[in-house]
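> Predicted coordinates and the sequence they were generated for:
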Amino acid sequence: MSHESDVVVTDWLFGMLAFAAIALYLYGVYRSDREKHLRRWPRLRIVFWISGAIISASALIGPLAVLSHAYFTWHMAGHLFLGMLGPLLLALGAPVTLLLRTLPVQQARRVSRFLRGRFARFYIHPVTAAVLNIGGLWLLYTTDLFAMMHDHLWLYILVHIHVFTAGYLFTVSMLSIDPVSRRFSYPFRTVVFVLALAGHGILSKFLYAYPPHGVPVEEARAGAMLMYYGGDAVDLIIIALLFRSWYRSAGTRLTIVPNATPL
């Protein structure tokens, strides 16, 4: 994707999507705060959402997007923003919870039924989300798909939508901040997360040894190192949040044990 007209298309498309995401979220906050029987929506979640939208969009519009077409290292920085850090911040914004707070009762029930349906259960399942996320990256970087997407605008758009969506689904399946169809046990989510982390790390090492087609060796190695260490930094935040939630859940269960008799 080297034509200026294609860059204009992607700038407008992803820029408008980011703008719409921020505007709709802020409108939801406004609607939620007007309801006197509801607690004021946490301002930190607003910061998370806006930051996540801007960081995700920055991988696809502006200077970083231009550099990522020519340099693999900058492309990998965009991957970390679009597929990992951006989705994490957006998930921390709890958009589904906000949506359910602002919708009329009947519409909120429809959303809840959808979240409990087969479609949502399948894609928010930790294993499915991990395969879509890590498996998609293996497919992108170990086949001709990486080179092809730079020659076809529609494929470029499709690949980056997948990277973002898979990253978001994986994050919410691990952290379960919003209402989901089923909350899997913490040990199960931890095992899936560790396996996904291993798959991401192995891929970065593979790219260090075997660069994608058309990528210079030194550039591929720099990008692979960024993928490895940058990915670990984001994953460390996710695992910390997961363990904190696990710890709080265990503490809550201990406090509700009725009339425990000391030995």
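On my side now, so go ahead.

> Now do the residue nearest to residue 56 when sequence neighbours are not counted against residue 77, distance only.
Spatial nearest neighbour of residue 56, chain neighbours left out: residue 86 (3.2 Å); criterion: CB to CB, 6 or more residues apart in numbering. Any C-beta I mention is one placed from the backbone N, CA and C, and that applies to glycine too. Residue 86 sits at a distance of 12 Å from residue 77 (criterion: CB to CB, to the nearest Å).

> neighbour-wise, which of those two wins?
residue 86 (27 against 20; other CB atoms under 10 Å).

> low-scoring stretches of the chain, by residue?
1-5, 251-263 (pLDDT under 70).

> What residues sit buried inside whichever helix in it runs longest?
The longest helix of the chain (DSSP state H) is helix 217-255. The neighbour-count check on helix 217-255 (16 or more other CB atoms under 10 Å) flags 219-228, 230-231, 234-235, 238-239, 241-242, 245 as buried.

> And it, what does it pack against?
Of the remaining helices and strands, those touching helix 217-255 by 3 or more CB pairs under 8 Å, 6 or more residues apart in numbering; DSSP states H and E are helix 72-80, helix 86-92, helix 153-175, helix 186-209.

> Could you check the host helix or strand of residue 47 and say which residues are buried?
If you go by DSSP states H and E, residue 47 is part of helix 43-58. Residues of helix 43-58 classed as buried by neighbour count (16+ other CB under 10 Å): 45, 46, 48, 49, 50, 51, 52, 53, 55, 56, 57, 58.

> and which of those residues is nearest to residue 137?
The closest of these to residue 137 turns out to be residue 56 (CB to CB; 16.4 Å).

> any idea how far the closest one lies from residue 13?
13 Å.
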